[in-house]
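>>> sequence first, predicted coordinates after that:
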Amino acid sequence: SQQGEEDPQALSIQEGENATMNCSYKTSINNLQWYRQNSGRGLVHLILIRSNEREKHSGRLRVTLDTSKKSSSLLITASRAADTASYFCATDASTGYSTLTFGKGTMLLVSP
Amino acid sequence: NAGVTQTPKFQVLKTGQSMTLQCAQDMNHEYMSWYRQDPGMGLRLIHYSVGAGITDQGEVPNGYNVSRSTTEDFPLRLLSAAPSQTSVYFCASSYSWQSETQYFGPGTRLLVL
């Protein structure tokens, strides 16, 4: 069953604008991760935030986590055309071996 | 390092045929997994392995078999392909089952007629 649900399903912006994607999940988690998938390619890990963290930065990426609302957001600042991709959140809620549950993704289009 | 490699890139099967999707990694990772990606469904975990000789089922294991005889390889077997198995299959690996970052292969696109 899907754990994370991204919102919006699709987002279209201009270069230089900021892009915000949201992820909601259903159960308690150990950590939440964001991955990027360029068309026809495999997924690439972007950033991980643990359940005891509230905010994390990596370059132009900022991730927040609100465990009380079971939600996370991914902000990409100063978007570039190369950021055009699908973005997925993945949650690790396992009590044993680590397994990830992925959301359906947000498709981001950044126009020059 | 080649990272995670998958073969073939694309395959067409007829219903009832069998095939093996290959996955290999050269990073000495203990943990390997298989996902399928369907339109509008995101990625779903099929099987995973925490080390050579140890495998377990994920969310959607029916119709698929796996084995892990070496650290490097983690093949996925379809014993009798069905149209419902038409999908894009991704293999992923991480340093250990406690590691959180997974490294993905480029995928195998499978069409079952």
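Sure, I can see it.
>>> find the nearest non-adjacent residue to the closest residue to chain A within chain B, please.
When distances are taken as Cβ to the nearest Cβ, chain B reaches nearest to chain A at B:Phe104, 3.6 Å away. Every C-beta, even on glycine, is put in place using the N, C-alpha and C of the backbone. Here the nearest residue to B:Phe104 in space, its sequence neighbours aside, is A:Gly42; by Cβ to Cβ, 6 or more residues apart in numbering or on different chains that works out to 3.6 Å.
>>> do A:Ile76 as well
Among residues not flanking A:Ile76 along the chain, A:Ala19 sits closest, at 4.5 Å (Cβ to Cβ, 6+ apart).
>>> so who does that neighbour touch?
The neighbours of A:Ala19, taking Cβ atoms under 8 Å, 6 or more residues apart in numbering or on different chains as the test, are A:Leu11, A:Ile13, A:Leu75, A:Ile76, A:Ser79, A:Asp83, A:Leu108, A:Val110.
>>> please report how far it lies from A:Ala10.
With distances defined as Cβ to Cβ, to the nearest Å, the gap from A:Ala19 to A:Ala10 amounts to 11 Å.
>>> quick one: contacts for the nearest residue to B:Ser18 once chain neighbours are set aside?
Counting by Cβ to Cβ, 6+ apart, the nearest residue to B:Ser18 once its immediate chain neighbours are dropped is B:Leu79, at 5.3 Å. By Cβ under 8 Å, 6+ apart, the contact set of B:Leu79 is B:Ser18, B:Gly63, B:Asn65.
>>> stretch B:81-96 close to chain A?
Yes. Part of stretch B:81-96 sits close enough to chain A to count as contact by Cβ under 8 Å from any Cβ of the partner chain, namely B:Phe90, B:Ala92, B:Ser94.
>>> are we agreed that B:Arg36 is in a helix?
No. Note on B:Arg36: no helix contains this position according to DSSP: H, G, I helix; E, B strand; the rest coil, which reports strand.
>>> that one - how many residues pack around it?
Using other Cβ atoms under 10 Å in any protein chain shown as the criterion, B:Arg36 is surrounded by 24 other residues.
>>> who's in contact with it?
B:Leu43, B:Arg44, B:Ile46, B:Val60, B:Gln85, B:Ser87, B:Val88, B:Tyr89, B:Phe90.
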